[in-house]
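Trainee: This is a predicted model, with the sequence first.
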Amino acid sequence: MDSSDRSDLHALRTSRYEQLVQTVVDYAIYMLDLDGYVVSWNAGAQRIKGYQAEEIIGQHFSRFFTVQDCAEGKPAWLLNRALSAGQVQDEGWRVRKDGSEFWALTALDVVRSPEGEVIGLAKITRDITDRREAAIQLDAMRAQLFQAQKLEALGQLTGGMAHDFNNLLTIIIGSAKLAMHSKDAERVDRLLGHILDAGERGSQMTQQLLSFARRKTLEMAQVNLPELIESTRALLTQALPKGIILEVGVDAPLPDVEVDAAQLQMVLLNLIFNARDAVGASGLIRLHARHQVLAGEWDELVGDFVLISIHDDGHGIAPEVLPRIFEPFFTTKGFNKGTGLGLSQVYGFAKQSNGGIHVQSTPGEGTCMTLCLPVWQASNVESAEKG
Ligand SMILES: Nc1ncnc2c1ncn2[C@@H]1O[C@H](COP(=O)(O)OP(=O)(O)O)[C@@H](O)[C@H]1O
Ligand SMILES: [Mg+2]
């Protein structure tokens with residue numbers, strides 16, 4: 001191949017490449033000179049931004065930014081950053097020719113001559129407004145589902161607590177009546193002590209309910225599991241029938257996990273309520289938390305995790321039902337007993353937290369649900385510092 005053949009080939013490739021870029025419509029692909037003026041324009045850029053090539057070539061790229069971004073110097077900052085680092089990416093609002101805005105994902109790359117000299121910049125922009133809106137809607141739906149679940153759990157908890165409140169009130173009223181008619185100072189003291197105890201227990205119960213019901217924003221944080229499990233257990237003492245024993249075991253030391261604490265508490269309540277429903281009037285529910293390093297044996301999860309298992313000796317799950325239990329609205333419980341939302345919340349939470357949920361069940365023998373949560377990354381450093 002002689003040099004003229006080679007340059008023909010090069011020209012052909014270049015023009016093919018240009019044709020390709022020209023016809024792409026899903027991405028705006030265009031070039032800027034070193035000062036940020038537009039030097040080329042493709043079909044995608046025309047479609048997304050609304051300008052014809054002849055009206056935009058020669059114009060400065062800052063016109064694609066919002067007034068506020070321009071005032072804050074964003075176009076110049078991006079340009080300088082691309083020139084110094086070779087590349088810069090950005091996500092934000094951009095403005096079309098007609099003034100409407102779209103949410104853009106952009107990349108700005110330097111372009112070099114064959115000799116290595118920087119001769120311009122290539123800009124690729126994608127309109128991801130739809131994707132962003134879908135993500136926002138999904139978040140809103142998750143928040144709504146979480147709220148609905150919380151109301152359901154609150155209903156279940158208060159049902160149990162109402163009974164206990166009645167018991168406490170019976171103590172308070174009975175003791176007060178006896179104290180009113182007693183002349184024995186010592187006895188009156190004892191009765192007042194009962195009234196105070198009962199009042200304080202009632203106030204503790206309302207505190208637990210209130211802290212659970214308070215609308216917290218969903219956020220990932222460093223969570224101490226023994227504390228969270230203990231406060232969940234305290235909430236549950238009133239909501240489980242007397243014939244059900246809840247055993248809690250936490251291996252020590254247990255590293256902190258990285259999750260949304262309010263959601264994790266909901267998940268534990270959901271799993272324990274399911275175990276309660278399966279067990280019936282009497283039985284055993286065991287909650288156990290342990291630290292484990294995974295190497296892909298579980299949902300391809302790799303790294304440091306805490307595994308929380310909730311085991312019950314209830315009726316178990318039939319094999320034909322098992323594949324469906326995580327579906328939203330799937331329930332085998334009667335009308336007004338189940339919503340079918342519990343396990344879908346558990347599943348969503350596990351995925352969102354970069355963990356997993358496993359189920360193992362034998363009909364007639366029981367079920368074990370194991371939740372797998374990532375260890376808080378800084379906890380190793382911290383425990384090393386403490387130790
Ligand atoms: N521990 C368990 N033992 C037996 N069946 C269970 C258990 N946990 C969940 N299930 C089954 O999974 C279904 C879906 O659970 P869930 O999403 O919490 O909805 P709900 O509890 O409102 O029915 C339940 O209806 C039940 O059939
Ligand atoms: Mg449930």
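Mentor: Ah, there it is. Ligands and ions are numbered 1, 2, ... in the order given.

Trainee: Gly86 touches Asp109, doesn't it?
Mentor: Yes - counting by Cβ atoms under 8 Å, a contact exists between Gly86 and Asp109, whose distance comes to 7.1 Å. Every C-beta, even on glycine, is put in place using the N, C-alpha and C of the backbone.

Trainee: Would you mind telling me which of the two has more residues around it?
Mentor: In terms of neighbours (other Cβ atoms under 10 Å), Asp109 is the more surrounded of Gly86 and Asp109; the figures are 15 against 12.

Trainee: tell me which residues form a beta bridge with the more buried one?
Mentor: Gln87, Ala122 (DSSP bridges).

Trainee: what's the distance between it and ligand 2?
Mentor: Remark: distance between Asp109 and ligand 2 (Cβ to the ion, to the nearest Å) = 51 Å.

Trainee: Show me what secondary structure element comes after whichever strand or helix holds Gly160.
Mentor: Using DSSP states H and E, Gly160 maps to helix 129-180. Toward the C-terminus, helix 129-180 is succeeded by helix 185-213 as the next helix or strand (DSSP H and E).

Trainee: now for that following helix, which elements pack on it?
Mentor: helix 129-180, helix 225-236 (3 or more Cβ pairs under 8 Å, 6 or more residues apart in numbering; DSSP states H and E).

Trainee: So which of these is nearest Ile272?
Mentor: Minimum separation from Ile272 across the helices and strands packed on helix 185-213 (Cβ to Cβ) falls at helix 225-236, 6.2 Å.

Trainee: Return the residues of this protein in contact with ligand 1.
Mentor: Selection of the chain residues close to ligand 1 by Cβ under 6 Å from any ligand atom yields 270, 274-275, 278, 312, 314, 316-317, 321, 325, 330-333, 338-344, 367.

Trainee: From those residues, list the buried ones, please.
Mentor: Buried subset of the residues of the chain next to ligand 1 (neighbour count, 16 or more other Cβ atoms under 10 Å): 270, 274-275, 278, 312, 314, 316-317, 325, 330-331, 338-344, 367.

Trainee: near ligand 2, which of the residues you listed show up?
Mentor: Among those, the residues that sit close to ligand 2 (Cβ under 5 Å from the ion) are Asn274, Gly342.

Trainee: So which of the buried ones among the residues of the chain next to ligand 1 belong to strands?
Mentor: Using DSSP state E, the members of these that fall in strands are Asp312, Thr367.

Trainee: Least confident secondary structure element in the protein?
Mentor: For the chain, the helix or strand with the lowest mean confidence is helix 379-386, at a mean of 45 (criterion: mean pLDDT, DSSP states H and E).

Trainee: what residues are up against the closest residue to ligand 1 within the stretch 101-250 of the chain?
Mentor: As assessed by Cβ to the nearest ligand atom, ligand 1 sits closest to Glu152 within the stretch 101-250 of the chain, at 8.1 Å. Neighbour list for Glu152: Thr339, Leu341 [criterion: Cβ atoms under 8 Å, 6 or more residues apart in numbering].

Trainee: ok, now how distant is it from Leu138?
Mentor: Using Cβ to Cβ, to the nearest Å, Glu152 is found at 21 Å from Leu138.

Trainee: in which helix or strand would I find the closest residue to Phe64 other than its chain neighbours?
Mentor: Counting by Cβ to Cβ, 6 or more residues apart in numbering, Arg94 is the residue found nearest to Phe64 once chain neighbours are left out, at 5.0 Å. Following DSSP H and E, one finds Arg94 within strand 87-95.

Trainee: ok, now which ones touch the residue in the stretch 151-300 of the chain that ligand 2 sits nearest to?
Mentor: In the stretch 151-300 of the chain, the residue found nearest to ligand 2 is Asn274; the distance is 4.4 Å by Cβ to the ion. Contacts of Asn274 were listed using Cβ under 8 Å, 6+ apart, and they are Gly342, Leu343, Met369.

Trainee: pretty sure the first one contacts Asn270?
Mentor: Just to be clear, that refers to Gly342. Yes - because the distance of 3.9 Å satisfies Cβ under 8 Å, Gly342 is recorded as touching Asn270.

Trainee: quick one: common contacting residues for the two?
Mentor: In terms of Cβ under 8 Å, 6+ apart, Gly342 and Asn270 are both contacted by the residues Gln149.

Trainee: List phi and psi for the residue in the chain sticking out farthest from the centre.
Mentor: Relative to the centre of the chain, and counting by Cα atoms, centre = their mean, the farthest-placed residue is Lys183 at 61.5 Å. Main-chain dihedrals, Lys183, degrees, to the nearest 10: phi -100, psi -10.

Trainee: How about the contacts made by it?
Mentor: Contacts for Lys183 were tallied using Cβ under 8 Å, 6+ apart; there are none.

Trainee: Read off the pLDDT value for it.
Mentor: Among the per-residue scores, Lys183 shows a pLDDT of 92.

Trainee: what's the closest non-adjacent residue to Leu294?
Mentor: Leaving aside its chain neighbours, Leu294 sits nearest to Leu301 (4.8 Å; criterion: Cβ to Cβ, 6+ apart).

Trainee: what sits opposite the residue nearest to Phe64 in the beta ladder?
Mentor: With beta bridges defined as DSSP bridges, Arg94 has these partners: Phe65, Phe102.

Trainee: so how many other residues sit close to it?
Mentor: Residues contacting Arg94 under the criterion other Cβ under 10 Å number 23.

Trainee: now it: how far from Phe212?
Mentor: Taking Cβ to Cβ as the measure, Arg94 and Phe212 are separated by 43 Å.

Trainee: Same check on Asn354?
Mentor: Spatial separation of Asn354 from Phe212 under the definition Cβ to Cβ is 25 Å.

Trainee: repeat for Met141
Mentor: Between Met141 and Phe212 the distance is 22 Å, computed by Cβ to Cβ.

Trainee: How about Gly356?
Mentor: 25 Å.

Trainee: Ok, Ile272 next?
Mentor: Counting by Cβ to Cβ, the separation of Ile272 from Phe212 is 14 Å.

Trainee: More neighbours: these two, which one.
Mentor: For Ile272 versus Phe212, the count of surrounding residues by other Cβ under 10 Å is larger for Ile272: 23 against 19.
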